[in-house]
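Novice: After the sequence you'll find the predicted model.
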Amino acid sequence: MSLLAVDVGGLTLKNPVLTASGCFGYGLEYDDFYDVAELGGICSKGLSLHPRAGNPPERICETPAGMLNAIGLANVGVEAFCKDKLPILRERGVTVVANIFASSVADFVAITERLNRETGVAAIELNVSCPNVTEGGIEFGKDARMAGEVTRAVRAATELPVWVKMSPEAGNIVAVARACEEAGADAITAINTIRGMSIDVEQSKLRLANRMGGFSGPALRPIALRIVWEIAAAVSIPVIAIGGISTTRDALEFLLAGARAVQVGTANFVDPSAAKRVLDGLREYCESKRIDVKSLIGSAR
Amino acid sequence: MSTRVLAKRRLVTLTLLRRESIGGLYHVLTFEDPDGSVALPGQFTMVRGAEWGDAPLLPRPMSYLSGGNTPSILIKVIGEGTVRMGRAEPGEPFTLLGPLGQPWRAPQPGRRVVLVAGGVGVAPLLFLARRLAQSGAPKPIAVYGGRSARDLPLDDELAELAELHTATEDGSRGTRGRVTDVLGELLAADQDVFTCGPDRMMAKVAELCAARDVPCEASLETPMACGYGVCLGCPVPTTDGAYVYACTQGPCIDARRVDWSRGDHAPKKGVHAPKGKS
Ligand SMILES: Cc1cc2nc3c(=O)[nH]c(=O)nc-3n(C[C@H](O)[C@H](O)[C@H](O)COP(=O)(O)OP(=O)(O)OC[C@H]3O[C@@H](n4cnc5c(N)ncnc54)[C@H](O)[C@@H]3O)c2cc1C
Ligand SMILES: Cc1cc2nc3c(=O)[nH]c(=O)nc-3n(C[C@H](O)[C@H](O)[C@H](O)COP(=O)(O)O)c2cc1C
Ligand code: FES
């Protein structure tokens, strides 16, 4: 039995290192760098029922030890994903988590039903928290009742594991996580970006055309860790951690806090092989200490 | 359009071999790459100090000035990242991700190549001029402009490789005025234009070329996070109302495809851009 395998709500991952949605394209951009099938899994760019062009530029800007993005959920749409991307990923043996978002419960269900017709989707991750576009779902993630409602609807529509990705902007994030658990979620992923702003003082101009953007990167890590800690104490389903993870140490921090797996996001922009580096380091850590990664989970609690 | 087969991209940690300062504001950084970079003129690399830690976080897109075993870049010091690059000492490690993006297309046979550069935009054009000279192609024309004589780094090398015309806004070198004033005078129907520089300059170059039906290839500049197509942070509006992603579909692109009015859509002082919906 591998020292790195973990169970995340009805799904066994060969290791606990995944890549975060929106920070890894569709997983097909890495041929020059490494075989992404080695990873525990990849989360697709957020998929909608129909393709989206996204926001006008400027879409990104750098901030201290982090960045803001207002991509506007540009994506090829679930149909093109199923036709053009998924078959290649499936062929390569990549563990694919489909990250989806919609502005209504009905659309969440419609995307889910489209994904049901495919093989090669390991789980569905609900983005109920993207802060970039008003119709993109921040309302779902901020409200326990609505987050529960969309989780219940998707749960009823599929046999695939359902992960719900938390918005750090929810007033009571623990209540939201609990509501999703009660509604049948198989795992909680946390966290999505937090809305931020930046102004170019010389030109007296907002740096993002969308005014606000999602804040990510290393500077986000302590907040993400606190939230993962709180959620892990409050729910009995697995928690998958995201937020500023770029090294094996960072990943360990979240595992010790109680996360069952981690996702690497912004770090991929700095080094396309970031997730592989995190994984290799974790393997080395577990092998040299002869410990099963499962025994690390929550060990700092 | 035929898709070119481009070299494999790599992330490598390279040692800075030397840094040549050109008046303090501009620097040529030359790295040692034992494996050799197969970068083509017009391609770029994402550059970052290997010891920067978590800030500045993102690597900086920089055009290759040359490839091979001593790849180099020409930088203009403007912010945190380029300040650090402008102070770097030989021996310092940097990570370079590359070669990235679409290189310049091949010049069209039978046409005289015209290179139109603004400031550091000269880097990918100088690389192209060297390749043209090596291949024995006829000497291109170059039009090179900047605010003052100090803003024309590497003009001496360009003068050797091309028939050079310069323009400065303060008149300290060449024609007083803008590159586009000079280009407007010499542009002819049988030429083939390659341009890199500030957006406003390239927009005007594109306009001049379009008006005279001269082919024009431009190198796009936009903020980038990843440089290899996954963040979707680098869209540039096109005339068909869509976007191209500068890092993968550019930076070098047919100037006629670009919606150069994009600067007019940017949020103005105190005014917000329309909220993105689609
Ligand atoms: C394809 C391409 C090729 C380029 N080639 C060169 C070159 O050969 N020489 C050169 O000096 N510059 C080049 N630039 C511009 C260069 O990337 C920026 O000047 C540089 O990123 C500024 O970083 P900074 O930390 O000094 O500035 P800061 O303002 O501190 O940067 C903050 C953030 O904004 C981004 N940013 C700021 N200005 C620009 C800009 N003009 N374009 C893109 N991103 C920007 C930075 O990358 C960084 O993430 C190129 C840009 C692109 C897209
Ligand atoms: C450019 C960019 C695009 C993103 N797109 C999505 C998305 O489509 N769906 C989603 O659920 N999260 C998206 N995210 C959020 C990330 O998946 C992740 O939750 C967040 O960035 C925090 O992790 P990090 O600090 O490791 O990047 C995006 C983040 C970035 C930086
Ligand atoms: S810079 Fe990331 S997609 Fe172009």
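Specialist: Okay, I see it. Residues are numbered from 1 along each chain as shown, chains lettered A, B, ... in the order given. Ligands and ions are numbered 1, 2, ... in the order given.
Novice: residues near A:Leu113, how many?
Specialist: That one is not Leu; residue A:113 is Glu. A:Glu113 has 13 neighbours, counted by other Cβ atoms under 10 Å in any protein chain shown. The C-beta positions use only the backbone N, C-alpha and C, and glycine is treated the same way.
Novice: show me what contacts the closest residue to it other than its chain neighbours?
Specialist: Leaving aside its chain neighbours, A:Glu113 sits nearest to A:Ala157 (6.0 Å; criterion: Cβ to Cβ, 6 or more residues apart in numbering or on different chains). Shown in contact with A:Ala157 (Cβ atoms under 8 Å, 6 or more residues apart in numbering or on different chains): A:Val109, A:Thr112, A:Glu113, A:Asn116.
Novice: Compare the residues you listed and tell me which is most surrounded.
Specialist: Within the contacts of A:Ala157, A:Thr112 tops the neighbour count with 24 neighbours, counted by other Cβ under 10 Å.
Novice: Return the set of buried residues in stretch A:256-268.
Specialist: Of the residues in stretch A:256-268, A:256-268 count as buried by neighbour count, 16 or more other Cβ atoms under 10 Å in any protein chain shown.
Novice: Then stretch B:23-41?
Specialist: So for stretch B:23-41, counting by 16+ other Cβ under 10 Å, buried means B:Leu25, B:Tyr26, B:His27, B:Val28, B:Leu29, B:Thr30, B:Phe31, B:Asp33, B:Ser37, B:Ala39, B:Leu40, B:Pro41.
Novice: beta partners of the second one?
Specialist: The reference is to B:Tyr26. Beta-bridge partners of B:Tyr26, counted by DSSP bridges, are B:Ile22, B:Lys76.
Novice: quick one: it and B:Leu74 touch, right?
Specialist: Yes: counting by Cβ atoms under 8 Å, B:Tyr26 does reach B:Leu74; the two are 6.5 Å apart.
Novice: Which neighbours do the two have in common?
Specialist: By Cβ under 8 Å, 6+ apart, the residues touching both B:Tyr26 and B:Leu74 are B:Val120, B:Pro153.
Novice: how many other residues sit next to the nearest residue to B:Pro198 once chain neighbours are set aside?
Specialist: Here the nearest residue to B:Pro198 in space, its sequence neighbours aside, is B:Gly118; by Cβ to Cβ, 6+ apart that works out to 5.2 Å. Using other Cβ under 10 Å, B:Gly118 is surrounded by 27 other residues.
Novice: Quick check: A:Ala219 is in a helix.
Specialist: Yes: A:Ala219: assigned to a helix according to DSSP: H, G, I helix; E, B strand; the rest coil.
Novice: Not counting stretch A:76-88 itself, show me its contacts.
Specialist: Applying Cβ under 8 Å, 6+ apart, the set of residues contacting stretch A:76-88 from outside is A:26-28, A:44-45, A:47-52, A:75, A:96, A:98, A:100, A:111, A:114-115, A:117-118, A:120-121.
Novice: rerun at 10 Å
Specialist: A:25-28, A:44-45, A:47-52, A:75, A:89, A:94, A:96, A:98, A:100, A:102, A:107, A:110-115, A:117-121 (Cβ atoms under 10 Å, 6 or more residues apart in numbering or on different chains).
Novice: Let's see the PyMOL selection covering just the buried ones among the residues you listed.
Specialist: Command for PyMOL that selects the buried part of the contacts of stretch A:76-88, burial taken from 16+ other Cβ under 10 Å:
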select buried, chain A and resi 25+26+27+28+44+45+47+48+49+51+52+75+89+94+96+98+100+102+107+110+111+112+114+115+118+120+121
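Novice: so of the contacts of stretch A:76-88, which ones are in strands?
Specialist: A:Val96, A:Ala98, A:Ile100, A:Val121 (DSSP state E).
Novice: hey, what's the second one bridged with?
Specialist: So the one you mean is A:Ala98. A:Ile124.
Novice: Test my guess that it contacts A:Ile124.
Specialist: Yes: contact criterion Cβ atoms under 10 Å: A:Ala98 and A:Ile124 qualify, at 5.3 Å.
Novice: Now do the shared contacts for the two.
Specialist: Common contacts of A:Ala98 and A:Ile124 (Cβ under 10 Å, 6+ apart): A:Leu47, A:Ile111, A:Thr112, A:Leu115, A:Leu160.
Novice: All good on my end, thank you.
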